[in-house]
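Asks: Just a sequence and a predicted model for now, questions to come.
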Amino acid sequence: MNSTKSVTIKKISHGLSAELSFPGDKSLSHRAIIFGSLAEGESHFTNVSTGGDCVCTRKAFEAMGVKIESDKGGAELRIKGKGLQLEKPKSELYLGNSGTSMRLLLGVLAGQNFEATLTGDPSLSSRPMRRATDHLKRMGASFEGRDNANFAPIKVKGGKLKGIDAELPISSAQVKSAILLAGLYAEGTTSVTEPAKSRDHTERFLKYFGASIEEKGLTVSVKGGQTLKARKVEIAGDISSAAFFMAMAALVPSSAISFKGVLWNPTRNGIAKILRRMGIPVEGQDASKFFDNGLEPTADFHLSPLPLKAFEINKEELPSLIDEIPILTVLATQANGTSVIHDADELRVKETDRIRSMVSQLSKMGAGIKAQGNTLIIEGRPTAPLHGAKVDSFKDHRTAMSLIVAGMIAEGETVIQDVDCIHTSFPDFFKFLTKIGVY
C-alpha cells in the first residue's frame, strides 16, 4: 500500500488463504444504534461496525441526548435508550457520506417535537431524499431544503403524525425504514408496499425490540404508539464486506478462504446465489453451517476458485445484492460468456453513479463492459486478462474495493486513487488483505 490516498496493486501470483470473521454488518449496526436509542432500558451490542457511516449515526443520537458507552474501539456499545422522544440537538446533525443515516433519521425526526437540520458531505448532499420526505409529509411532518426537500441540508420539523399507506415505485429498504420508523409515532396504522422485497432488517429489529408488525406479501404494516424494549445483540458479520473476499477466493488461483459468522439474511445473500450460478458452490444448500440468533441468520462456508460461467441478473433480484453489483462486474470480466445485469438504475444514486464508475474504470483495464441505459453488459474474457491501469474510485467505497480486486488479477500494476472512502464501511479492509496474504 503506497498511501492512504492511493494504492498500487500487483497481480497476485500465489493462492490466498485464511479464516475470516468480519466486522458487524453496516446496515445492522445503523439499526442497532437507532433502536437502542429509541428503546426503553439499556441495550448492549457487540461486533458493531466502526465504519465512518455508523459513527455518524452514533454521533447524531448522542447529540440528541442518548448516552452511549463504547469499548473495543467502538465495536461494543452500551446504549441507554431514551424511548421514542429525543432531545433537540444544539447544532446541525452532520451525517458525512451516509445515506442510511439520513433517510432513517428523517423518519425518526418526523415524530419529534422539535426542529433539527440534517447535513452531509457533497456526495450525500447530491443524493435524492424526496423519495422519503414526500411520504413523511403526507404523515404530517414538515421539511425545508433544496428542490422541495430533495437535497441536504434538510430542516425537519416534527409533527403529530397519522398513518398512511405508502406505495414505493422502487424498492428501497432505506425509504421503507424511514416510513416505518415514523409509523411508530403515528396515529393509526402505517403500511409500506414495495414492487419487490428489499432487505428486511428494520422489520426484524422492530419485532426483536418488542413491536408488533404485520407482513402480507410485499406489504409491511406497523401500528403507532408501540414502545421498544432494550435488547442484547451480537451483530452478524457484514456480507457486503465479505463479498470482496468471496470474489478474491473465486478469482485468484489456488486460493481457499473460510468465512465465519457472515450475515445470511435471504434478502441480502443474493451474491451466494449468483456465485452458484457462476459455478462456485457455497457449500451445502446455502452454507456448511447455518445459525439463527433470533434476530438475523448467519452462516459459515468456504470458497475456492473454479472456472466461471456468465450470469444474468433480473430486476427483481437486485434488492438482495444491490451493494454487490460493483464486485460482480469484476467477476463477470473473468466468466465464460456474456453477463447481463438488468435495470440497475438504483446504482445511479449511490455514493457515486456506480454504473458509470465501473464501466469507465474497468474499460481502462481492458474489460469488455458497457451500459445500455441502466443495464450492464459484461463480455467475459477469461483467456484475455485485464491489464493494469490508473483508475479512480470516484470516492465510492465499493467502487474502490472492487477495483482493488480487479488489480489482483490484472497484468502489471494497477493504481487506485482515492481509497480513503473505504473507511466509511470497512476501516480494516487493508488489514484483511494482509491477513489473507495479499501483502
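Replies: Yep, it's here.
Asks: going forward, measure contacts between C-alpha atoms and count neighbours the same way
Replies: OK.
Asks: give me every residue that touches I355.
Replies: Listed by CA atoms under 8 Å, 6 or more residues apart in numbering, the contact partners of I355 are A344, L347, R348, A371, N374, L376.
Asks: Angles on the backbone of it, please.
Replies: Here the main-chain torsion angles of I355 (degrees, to the nearest 10) amount to phi -70, psi -50.
Asks: quick one on the thing from earlier: among the contacts of I355, which one has the most neighbours?
Replies: L376 (23 neighbours; other CA atoms under 10 Å).
Asks: Model confidence at that one, what's the number?
Replies: Listed pLDDT for L376 reads 95.
Asks: before we move on, what about G83?
Replies: pLDDT, G83: 97.
Asks: For it, the count of nearby residues, please.
Replies: Neighbour tally, G83, other CA under 10 Å: 18.
Asks: Go through the contacts of I355 and name the one nearest A242.
Replies: L347 (19.7 Å; CA to CA).
Asks: Now do the same contact list for that closest one.
Replies: L347 touches I322, D353, R354, I355, counting by CA under 8 Å, 6+ apart.
Asks: follow-up on the earlier one: mind listing which of the contacts of I355 are in strands?
Replies: Of the contacts of I355, the ones assigned to strands by DSSP state E are A371, L376.
Asks: now L136, what's its secondary structure?
Replies: Assigned by DSSP: H, G, I helix; E, B strand; the rest coil, the conformation of L136 is helix.
Asks: whoops, F432 was the one
Replies: Secondary structure state of F432, per three-state DSSP, is helix.
Asks: So what's the residue count around it?
Replies: Applying other CA under 10 Å, I find that F432 has 18 neighbouring residues.
Asks: And it, how close does it get to A236?
Replies: 17 Å (CA to CA, to the nearest Å).
Asks: okay, the contacts of I355 in a markdown table with distance to V438 next?
Replies: Output for the contacts of I355, formatted as a markdown table (distance: CA to CA, whole Å):
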| residue | distance to V438 |
| --- | --- |
| A344 | 31 |
| L347 | 29 |
| R348 | 31 |
| A371 | 31 |
| N374 | 34 |
| L376 | 29 |
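Asks: which of the contacts of I355 lies closest to V175?
Replies: The shortest approach to V175 among the contacts of I355 belongs to L347, at 15.5 Å (CA to CA).
Asks: in the stretch 1-150 of the chain, which spans are strands?
Replies: Under the criterion DSSP state E, counting those that start in this stretch, the stretch 1-150 of the chain contains strands at 6-10, 17-21, 40-46, 67-71, 76-82, 93-94, 115-119, 142-145.
Asks: Against which helices or strands is the second one packed?
Replies: Helices and strands in packing contact with strand 17-21 are listed as strand 256-263, helix 429-436; criterion 3 or more CA pairs under 8 Å, 6 or more residues apart in numbering; DSSP states H and E.
Asks: Figure out which of those is closest to V7.
Replies: helix 429-436 (10.1 Å).
Asks: List the buried residues of the closest one.
Replies: Of all the residues in helix 429-436, those buried under the rule 16 or more other CA atoms under 10 Å are F429, F432, I436.
Asks: who's in contact with the spatially closest residue to the first one that is not a sequence neighbour?
Replies: Of all residues beyond its chain neighbours, the one nearest F429 is I422 (7.5 Å), with distances taken as CA to CA, 6 or more residues apart in numbering. Contacts for I422 were tallied using CA under 8 Å, 6+ apart; they are D396, H397, R398, A400, M401, F429.
Asks: now I422: how far from I33?
Replies: Taking CA to CA, one finds I422 at 21 Å from I33.
Asks: How about L124?
Replies: 20 Å.
Asks: These two - which one has more neighbours?
Replies: I33 (27 against 23).
Asks: close enough to count as contact, the more buried one and K59?
Replies: No: counting by CA atoms under 8 Å, I33 stays clear of K59, with 9.9 Å between them.
Asks: Now stretch 154-163: average pLDDT?
Replies: Throughout stretch 154-163, pLDDT has a mean value of 96.
Asks: What of stretch 344-359?
Replies: 86.
Asks: quick one: low-confidence parts of this structure?
Replies: 1-4, 283-293, 349 (pLDDT under 70).
Asks: Residue most distant from the centroid, it?
Replies: Relative to the C-alpha centroid of the chain, counting by CA atoms, centre = their mean, T383 is the outermost residue, at 33.0 Å.
Asks: Tell me if I am right that that residue is in a helix.
Replies: No: under three-state DSSP, T383 falls outside any helix and is assigned coil.
Asks: gap between it and L109?
Replies: The value you get for T383 to L109, if CA to CA is used, is 54 Å.
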